[in-house]
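>>> 3D model of this:
(chains A, B and C)
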Amino acid sequence: MKIKKNIAISDNGFIFDSNTGDTYSLNPVGTEILLLLKEGKQLPEIQKAILEKYDSDNATFEKAYLDFISMIRQYHLTEE
Amino acid sequence: MTKKKITVAVSGLNNTDNPGPGIPVVRGIRESKEFDARIIGFAYENLEPGIYLHDIIDKTYQIPYPSAGIEPLMQRLEYINSIEKIDVIIPNFDAELFSFMKCADDLKKMNIHTFLPTHEQFEERQKSNLPDFGKKYGVNVPFSRPIFGENEIFGLTADFTYPLLVKGKYYDAYVAYNPEQVRMYFNKIVSKWGLPIIIQEFVHGTEVNVIALGDGKGNTIGAVPMRKQYITDKGKAWGGITLDDMNMLDLTHKIIGQTKWRGGMELELIKTNNNELFLIEINPRIPAWVYLAVGAGQNLPEALVKLALGEEVKPYESYDVGKMFVRYSMDMIVNLEEFEKLSMNGEL
Amino acid sequence: MSEKKLPFERPIIKKLNVNVPNKFGLKTEYDPITSIDGVMVKDLIKEFGSPLYVISERTIRDTYREAKRAFSTRYPKVQFAWSYKTNYMNAVCNVFHQEGSWAEVVSGFEYDKAIANGVQGQHIIFNGPDKTEKDLEKAIKNGSLIHIDHFDELYTIAELAEKMEQKPKVSIRVNMDTGIYPMWTRFGFNYENGEAWEALNRILLNKKLELVGLHAHIGTYIMVPWAYGLAAKKLADLAVGVQTKFNHTIKYIDLGGGFASKNTLKGAFSPGTDTCPTFDAYAEAISTAIISSAILPDHMPILILETGRALIDDAGSLLGSVIAIKRLADGRRSLVIDIGVNLLFTSFWYEHKVTPAQPFTHYTEDSVIYGPLCMNIDVIRENISFPLLNKGEHVVISRIGAYNMTQWMQFITLRPNIVMIDMDGKPHVIRKAEQNESLTSHEITPDYLKKINV
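From the prediction side, this is the model:
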């Protein structure tokens, strides 16, 4: 899965989709995941990175990640 | 004469086609010969134009919606005041007045001054209480009554003939020609402003308005009558002219004298073909066309600030008749960074 | 690993609204409720299960004393009567009785509860349209205060008085226009059309009944204290009429209940915490009306109040846990908690305050909070901007003390424990969680249906 090229992500969690004009906000974990996705990282790498930094476990992360991805898709921020 | 430095916070920065009074209020204060004011904007929405008008508003903070209640509002105001040291707050939305009136004493303890109507004044001029208000003060008002449910709509013909007006508690008024339209407007308004909905007799005539300021002791500090010359499809004045009408001024003095009105107000009146005046509504704050009053010689925003600070204010005796305002809109260029800053941090 | 990891919060993305105010409101700026009267929410749930009703004895007593102070500083003779239907857990009733409240009941069931709690007969006010002959006999024998609702009841009592050779103590309930909406005319006798005066005449002309008081209960969740002032004035006028015509002195005026609580009604613009009048405001309106009436100083009646909701709502909380976090098809978050409308009947008309019981960040999602029932009506909050909770975490629903422990429904599942936290911070179970046999013990399966083969 890839994030569209025209998505600008600020460090404070502000997103601008220059293709649609829509703007979004993210919480810190969301920001980190989206930045990693933007770099082209996939689930295993992202999972590793987040679990190294945050106190969670594989199952909890995976549930949250899948839910997050579904929203990213719903907002058409990805190109498949 | 050196101007006194003060910090004034103002809401109603929505200078849109349904304009709030914030920007014209600030223009009045900016033109004061007595005050050198730093202006803080209070915004609810991130696209209120005033937020981006940096030569008018020095700094803007988002504040919680009035429907969130007093507690979050006070928390936010304490934070803002810790940075800005506010002297006066002028709230400009009907819907937020209740909260600010309730907070007024706590704000005073923080050395923040307001000049708002009392709870009693605010309540008795509520649209749903207007018939009693008319009776109490001997003022003509159209017949009206509140309704609380859709099931009351079909019974309306006992008291009203169509067309009639369907009004919200704080905002919105629609002319309805049949029960179906009443039902439509009822639901539209309820979802925004809650119950009750006010049904009001439709009085034929010309709508005229008065902007006025009461000192809370029964004195009228200023009053300017106006007729809208061009009305938008939202019912807002896009052009207006000051009138020479003693009846309107007398009525204003009578209302302010009897109620001892405290603060700004707008009287919405209907002048019938027989030259009778009907009071349609009292807005308990300065209206969006206040700058016409400033232009006609009565700087009511400045006077309001002085009253709030406890200063003596001499009533305005006159104004220029035949002064007009013509509203215009203009596109500002705004950088995305500004929108981002406001959206993410709640201040700009 | 030596470095401490950061707490994990579910990642979220939110579209920024760029125009109209949305119905979810601004981000939540409030604190978690981690404890009640010093007892940790998580400990309460661990010990007594989830969901759990919690009642704060301290809040009950504080609220009662506040109300008592408001009225008795303005009026010489004030008596509260605890409204059983609002919450008839015996422990709750007895806290009020210890504070000096009489009992106000509206059925034989409640009447017997009050007697069993040890309330003296003459301190029970018996209201309501349905009092059976057996109930009335009992009430007459005990010298209770019977508030007559309709003429049929008046005649029944007159007959019983003759039969029992005892003089029943009666009042009438009066309904009236106090300028509020809706006007309750279904209970009692109407003031404006003269029905109430007519009823009083019949009572006083019938020497077998003793007229002791006048009662009104103008509505529920009344936000305007002046309406009570009007009601008090009308009752005072009746009292003066009775004095003049029959030289009979009314002993008490009972203004019923109906004071608002701080809960927010659905459809209200401002939160109830901002709009709910204080006890002082109600007390001022009522006392002023009676004192300034034409009732002579020597004949000043006792003022009785049957306030229920305003005295108990704040003292009750409902603790629960997150069962699941789902995503609805339209992108909204859905939170399934173990508190359903079966336990929180008042969620049909209030926007209850739901607060996480553990710390949270300011990030929120537009959410719907559902109860656990497999029924579409089971919604606790339709639109709420809510922090990011995880499965198993706890929530506290505040201000649920009124009506939920009486109007609850035995539906789909069983009712949980109710605990009361005493003045020293010690929790006591005051109603045990139901077991299957709590319900099945009342069922009778005919023998021929006992054998099944599935």
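
>>> quick check: residues of the stretch 151-300 of chain B near chain C?
The stretch 151-300 of chain B has residues B:169, B:170, B:190, B:193, B:194, B:195, B:196 near chain C, with proximity defined as CB under 8 Å from any CB of the partner chain. C-betas here are computed from N, CA, C, even on glycine.

>>> pretty sure residue C:15 contacts residue A:20?
No - in this structure residue C:15 lies outside contact range of residue A:20 using CB atoms under 8 Å: 10.5 Å.

>>> for residue 12, give me its contacts.
Because you didn't say which chain, this covers chain A. Going by CB atoms under 8 Å, 6 or more residues apart in numbering or on different chains, residue A:12 touches A:31, B:340, B:344, B:345.

>>> hmm, no, I was thinking of chain C.
A:26, A:27, A:30, A:68, A:71, C:363, C:365, C:388.

>>> hmm, back to that, who has more neighbours, residue C:15 and residue A:20?
Using other CB atoms under 10 Å in any protein chain shown as the criterion, residue C:15 and residue A:20 rank with residue C:15 on top: 16 against 13.

>>> check whether the residue nearest to the more buried one when sequence neighbours are not counted sits in a helix, strand or coil.
Leaving aside its chain neighbours, residue C:15 sits nearest to residue A:24 (5.4 Å; criterion: CB to CB, 6 or more residues apart in numbering or on different chains). Judged by DSSP: H, G, I helix; E, B strand; the rest coil, the three-state class of residue A:24 is strand.

>>> residue A:24: neighbouring residues, count only.
For residue A:24, using other CB under 10 Å, the count is 23.

>>> tell me which element the residue nearest to residue A:11 when sequence neighbours are not counted is part of?
Leaving aside its sequence neighbours, residue A:11 sits nearest to residue A:31 (CB to CB, 6+ apart; 7.2 Å). Per DSSP states H and E: residue A:31 is located in helix A:28-38.

>>> pull the residues that contact that helix.
With CB under 8 Å, 6+ apart, helix A:28-38 has contacts from A:1-3, A:7, A:9, A:11-13, A:15, A:26, A:45-46, A:49-50, A:53-54, A:64-65, A:68, A:72, C:8-13.

>>> tell me the one of the contacts of residue C:12 nearest residue C:250?
The nearest member of the contacts of residue C:12 to residue C:250, counting by CB to CB, is residue C:365 at 58.2 Å.

>>> in contact with the closest one, which residues?
Shown in contact with residue C:365 (CB under 8 Å, 6+ apart): C:12, C:14, C:332, C:333, C:385, C:386, C:388.

>>> quick one: residue A:1 and chain B, what's the gap?
From residue A:1 over to chain B the distance is 26 Å, taken as CB to the nearest CB, to the nearest Å.

>>> that residue reaches residue A:66, doesn't it?
No - because the distance of 11.4 Å does not satisfy CB under 8 Å, residue A:1 is recorded as not touching residue A:66.

>>> could I get the contacts of residue A:12 as JSON lines with pLDDT, secondary structure and neighbour count?
Output for the contacts of residue A:12, formatted as JSON lines (pLDDT from 0 to 100; DSSP: H, G, I helix; E, B strand; the rest coil; neighbours: other CB atoms under 10 Å in any protein chain shown):
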{"residue": "A:31", "pLDDT": "94", "secondary structure": "helix", "neighbour count": "20"}
{"residue": "B:340", "pLDDT": "90", "secondary structure": "helix", "neighbour count": "22"}
{"residue": "B:344", "pLDDT": "84", "secondary structure": "helix", "neighbour count": "16"}
{"residue": "B:345", "pLDDT": "83", "secondary structure": "helix", "neighbour count": "12"}
